[in-house]
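Colleague: following is a predicted model, sequence given first.
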Amino acid sequence: MKCLAMAHPNIAVVKYWGKRDLPLNLPSTCSVSVTLSGFRTITSVHWGTSRDRVLMGGRPASRSVAHRVLGFLDLLDPHRPPCHVESENNFPTSAGLASSSSAFAALALAASRASGRNLSVRELSVLARRGSGSACRSIPGGFVYWRKGSLPDGSDSHAVQIAPEDHWDLRVVVAVVDPGPKSIASTAGMLHSAATSPCFPVFLEKSGQLATMAREAIATRNHVQLFHAMEESTLLMQATMTTALPPIFYSKPASLAIIRQVYEMRRDGIPCGWTMDAGPNVKIFCLPRVLEGVVARIRPHAVDVHALSPGGAARLLECSP
Ligand code: DP6
């Protein structure tokens, strides 16, 4: 069977940074995200071919990527037949733009259906999480909460929708400062921060409260409160990175110039807030009425700017025998 699925990446407003179980990708904290339209991954899985083959953007994947993808298929069936996986993104990969979130969400959906399984949203989210933690949040659309769960097998650690994508007309401006792959992958970055930063316990302690604050802000469409929770979570995550030994610096001078611009815009009465992940690119959340002004003030500092909106759930595009 061959199936094709599509998923959007998601951007965390309250961050997942740290694991309580490495092989299962169980998070140390709950997190909150927005699934984004505009950016997407499309993946096809042909279950039962002559040999395993993984293509990314039309080219054979690196050995490590192929190993990760094929290992993920083994989770569905350790005795699976050879498979052919082909994946393509319409945005830069591995640049802190959450490409692993859409990649493993699309792969979970395409592979589970191609292998003959019809999983629930919860089961799909649990499966996608095994590929990359943040991928569990790209299974539902709109505004999403990832419960960290407490069961040792991880079956209660999955994402749920807080509100659909049309609940709140927000814009997310992605300011690309450097489209190249990040210097340190997020898995390594979070493990190193958790192991060596004295700020990590503070990040953990504050995360629950920030997740509650963000969920409430989303429910009541309170942008001031959302930006507050998002910036505090990002700053605390960055504190764990920059106080790790040795420190991790994902920001570039242009990233900081953009963040300064956000505070200046706010002083000028423009409602916007910023966040970053494991990379130098900055995401600015704003209300639609100020989008043009925000883009104009960010553009001089960025190599590329994309304006995105909340997007839908991962979806199956087609299946054929
Ligand atoms: C900074 O989901 O990429 O984007 O589970 O190890 O694959 P793994 O990590 P990943 O980490 C994302 C970290 C983050 C914050 C977030 O998306 O919550």
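Modeller: Here it is on my side, so go on. Numbering: from 1, shown residues only.
Colleague: how about the residues of the protein near the ligand?
Modeller: 12, 15-17, 25, 31, 100, 132-134, 186-187, 277-278 (Cβ under 6 Å from any ligand atom). In this view, the C-beta of every residue, glycine as well, is placed from N, C-alpha and C.
Colleague: of those - the most surrounded one?
Modeller: residue 134 (30 neighbours; other Cβ atoms under 10 Å).
Colleague: from residue 188, how far out is that one?
Modeller: 15 Å (Cβ to Cβ, to the nearest Å).
Colleague: can you check residue 279 too?
Modeller: 13 Å.
Colleague: those two: who's more crowded?
Modeller: For residue 279 versus residue 188, neighbours defined as other Cβ under 10 Å are more numerous around residue 279 (27 against 12).
Colleague: part of a helix, is that one?
Modeller: No - going by DSSP: H, G, I helix; E, B strand; the rest coil, the assignment for residue 279 is coil, not a helix.
Colleague: I'd say residue 60 and residue 69 touch.
Modeller: No - assessed by Cβ atoms under 8 Å, residue 60 is found out of contact with residue 69, at 11.6 Å.
Colleague: who has more neighbours, the two?
Modeller: residue 69 (23 against 11).
Colleague: next, give phi and psi for the more buried one.
Modeller: phi -70, psi -50 (degrees, to the nearest 10).
Colleague: kindly report the same for residue 45.
Modeller: phi -130, psi 120.
Colleague: partners of it in the sheet?
Modeller: Note on residue 45: beta-bridge partners by DSSP bridges are residue 3, residue 85.
Colleague: what distance do you get for it to the ligand?
Modeller: 19 Å (Cβ to the nearest ligand atom, to the nearest Å).
Colleague: how about residue 283?
Modeller: Counting by Cβ to the nearest ligand atom, the gap from residue 283 to the ligand is 10 Å.
Colleague: please tell me I have it right and that residue contacts residue 273.
Modeller: No - checked against Cβ under 8 Å, the pair residue 283 and residue 273 is beyond contact range at 9.4 Å.
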